[in-house]
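Engineer: pasting a predicted model and its sequence here:
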Amino acid sequence: MRYLVAANWKMNKTVAETLEYLEIFLPKVEDINVVDIMIAPSFTALASASLKLEHSNVKLGAQNMYYMDKGAFTGEISPLMLTELEVDYVIIGHSERRHIFGEKDDLINKKMISAVEHGIRPILCVGETLEERELGKTLNVVERQIRTGLAGIEKDLIYIDIAYEPVWAIGTGVNATPQQAQEVHRFIRSLLNEISKGNDEKTRILYGGSVNDKNAKELIKEPNVDGFLVGTASLDPNKFFNIITEVLEV
Ligand code: PEP
């Protein structure tokens, strides 16, 4: 399986800053062809980034999308707007969308279905809060998020990736230990296997939550950790490149 290392820039970097970053980053990774690399910049930078990435080995991602093609949905972005810009991936159900913007499992499911229908590879984000972990509910929460997120597209799992991102690890500097990540990733793999009737061998399970160039090496060694979704550390082209290097060495 080809690993995926994906950058989620969140609400960071203007168009100018995005292009400056890519000027530095693209030459560093131009010879890497054994792992997939994706960057999800802000919506306003997607068009410029798309042109810049056109002949590169770096894929373009969006951080969110709505599920309808068009209509009276002020402020939303449609899958057609993303495919026009040749966006390859879309992050769906990120914990900030769930917890700050109130996205629920059924909306996330509609977005997942729409992304698959439009040929944009969705990364479904799942993960428990600290409270849920402390109550021993981690696997229940992750199971619910995955079953509802994938409802109706179980046969399409080869076009989907999953990111396990414990909410308590996102942007906090406290990553899951390799053992904590492995426990959940193993569970997700067996769940995907059951849901897809064994047709999940191309579905990567990424880990996300305070990944950096210091902890990437230990995390990626774990079986069923098939790459990373990186927030803060991906904002620096050198740090993001170093994380990719650790993945290359596995
Ligand atoms: C994320 O937002 O997906 C993320 C993992 O952020 P960070 O790496 O900053 O924890």
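Structural biologist: Right, received. Where do you want to start? Treat the numbers as computed from the prediction; the structure is a model and nothing was measured.
Engineer: where is the longest helix in this protein?
Structural biologist: helix 178-195 (DSSP state H).
Engineer: what is the rounded mean pLDDT of that one?
Structural biologist: Throughout helix 178-195, pLDDT has a mean value of 97.
Engineer: buried stuff in that helix?
Structural biologist: Buried residues in helix 178-195, counted by 16 or more other Cβ atoms under 10 Å: 178, 180-185, 187-189, 191-192, 195. C-betas here are computed from N, CA, C, even on glycine.
Engineer: closest to the ligand among those?
Structural biologist: Among the buried residues of helix 178-195, A181 lies closest to the ligand (Cβ to the nearest ligand atom), at 12.1 Å.
Engineer: list the contacts of that closest one.
Structural biologist: Y164, Y207, L219, E222, V225 (Cβ atoms under 8 Å, 6 or more residues apart in numbering).
Engineer: would you mind giving the buried residues of helix 178-195 as TSV with distance to the ligand added?
Structural biologist: Formatted as TSV, these follow (distance: Cβ to the nearest ligand atom, whole Å):
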residue	distance to the ligand
P178	16
Q180	14
A181	12
Q182	17
E183	18
V184	14
H185	15
F187	19
I188	16
R189	20
L191	21
L192	20
I195	23
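Engineer: can you give me the helices for the protein?
Structural biologist: 15-29, 46-53, 79-84, 95-99, 105-117, 130-134, 138-149, 178-195, 216-220, 237-248.
Engineer: just put these in TSV and tack on distance to L60.
Structural biologist: Below are those laid out as TSV (distance: least, Cβ to Cβ, whole Å):
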stretch	distance to L60
helix 15-29	11
helix 46-53	5
helix 79-84	9
helix 95-99	19
helix 105-117	14
helix 130-134	33
helix 138-149	22
helix 178-195	25
helix 216-220	22
helix 237-248	15
